[in-house]
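K.L.:
Sequence first, then the predicted structure:
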Amino acid sequence: MGVRIAICQVQSSIGNVGQNLDKILNVITQTKADVYIFPEMFLTGYGADYTSLEPEIQYALDKISLWCIEMDIAIAYGTPTYCEKGVMDSLLFVTHSGTVQYDKIYLAKFGIYSEKELTPGDRPKMGTFKGMKFGLSICYDMFFPEIYRCYATAGADINICISASAETSKQFIERILPARSLENVMYTVFVNNIGKYKETRFFGKSRLVGPLGNTLNEADQSDVILCVYVDKAVIENAREERRHLADLRKDISWKF
């Protein structure tokens, strides 16, 4: 059992929801896959003025939901969402049966990243499609391993991490991605933005990392769609080879 995933490293048009919605439509009509994954804040572009875009974002969600029903596909994409406390950095996992909304738990508040005005999420979320379970995360979340261990012990097969990672973060992201896969013996799909951001650039390099921490497919820094296949049997075999999830101690309290 498995699914075909389209890793959609496509540059956003900043502040133009309509153009970005058209880009999603172009990809899903021209590329055959089960699951399509787009980068962090893709629908508006990372760093856009999110305050006035709520009606357009809701219209886009309605269209994407309809496409998922009509085509029997899943689309995961980054977008601002809105609540009483303000704006959240969210990942929507949309299928024919509904939408799972994950709100970024760990907001970046350093360097060039300007997420101080956003509202953080407070819980992990998983999506399910065609018998596969997807743990959902966004960018800086990658540095907090408890999120991914939570997904692994809950039966997830694949971690999705959508990102807006600039060149200044490249070396650190590339070190941590294999670790998150290997320590939980599961796939990691990393989908990053491309294009210029402030005084630097998003570094792209979206990829699929296997359950043993090996990079199976990787993009460069251009607009590209990588189609990859993830297989539940590969995860099961890897967990026979590296058994540290099975050896987790459930009898220990880790609180002092």
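P.N.:
Perfect, I can see it now.
K.L.:
ok, residue 102 - contacts?
P.N.:
90, 91, 92, 93, 121, 124, 125, 136, 137, 138 (CB atoms under 8 Å, 6 or more residues apart in numbering). Backbone N, C-alpha and C define where each C-beta goes, glycine included.
K.L.:
tell me the two of the residues you listed that are most distant?
P.N.:
The distance between the two most remote of the contacts of residue 102 (CB to CB) is 15.0 Å, for 92 and 124.
K.L.:
More neighbours: which of the two?
P.N.:
Neighbours were counted for residue 92 and for residue 124 using other CB atoms under 10 Å; residue 92 has more, 23 against 18.
K.L.:
my read is the more buried one is in a strand, agree?
P.N.:
Yes. Checked against DSSP: H, G, I helix; E, B strand; the rest coil, residue 92 lies within a strand.
K.L.:
Pretty sure it sits against residue 74.
P.N.:
No. The pair residue 92 / residue 74 is not scored as a contact, 10.4 Å apart, by CB atoms under 8 Å.
K.L.:
list the residues that contact both of the two?
P.N.:
Residues touching both residue 92 and residue 74 by CB under 8 Å, 6+ apart: none at all.
K.L.:
OK, contacts around residue 127?
P.N.:
74, 76, 93, 95, 100, 133, 134, 136, 160.
K.L.:
any idea which of those is closest to residue 207?
P.N.:
Checking the contacts of residue 127 against residue 207 by CB to CB gives residue 160 as the nearest, at 12.3 Å.
K.L.:
any idea whether that closest one is helix, strand or coil?
P.N.:
Residue 160 - assigned by three-state DSSP - is strand.
K.L.:
Report the contact partners of it.
P.N.:
Contacts of residue 160 by CB under 8 Å, 6+ apart are 37, 76, 91, 93, 127, 134, 135, 136, 137, 189, 191.
K.L.:
Next, check those residues against the helices and list the overlap.
P.N.:
Within the contacts of residue 160, no residue falls in helices by DSSP state H.
K.L.:
Redo the residues you listed as TSV? Include distance to residue 1 and pLDDT.
P.N.:
Shown next, in TSV, are these (distance: CB to CB, whole Å; pLDDT from 0 to 100):
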residue	distance to residue 1	pLDDT
37	19	98
76	19	98
91	24	98
93	19	98
127	16	97
134	14	98
135	17	98
136	20	98
137	23	98
189	17	98
191	22	98
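K.L.:
Tell me which stretches of this structure form strands.
P.N.:
Shown for the chain, the strands assigned by DSSP state E span residues 2-9, 35-37, 74-83, 86-95, 98-103, 126-129, 132-138, 158-163, 187-192, 194-197, 200-203, 207-209, 215-218, 224-231.
K.L.:
Dump those to TSV, plus distance to residue 59.
P.N.:
Shown next, in TSV, are these (distance: least, CB to CB, whole Å):
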stretch	distance to residue 59
strand 2-9	20
strand 35-37	19
strand 74-83	12
strand 86-95	14
strand 98-103	14
strand 126-129	22
strand 132-138	23
strand 158-163	21
strand 187-192	23
strand 194-197	24
strand 200-203	26
strand 207-209	32
strand 215-218	33
strand 224-231	24
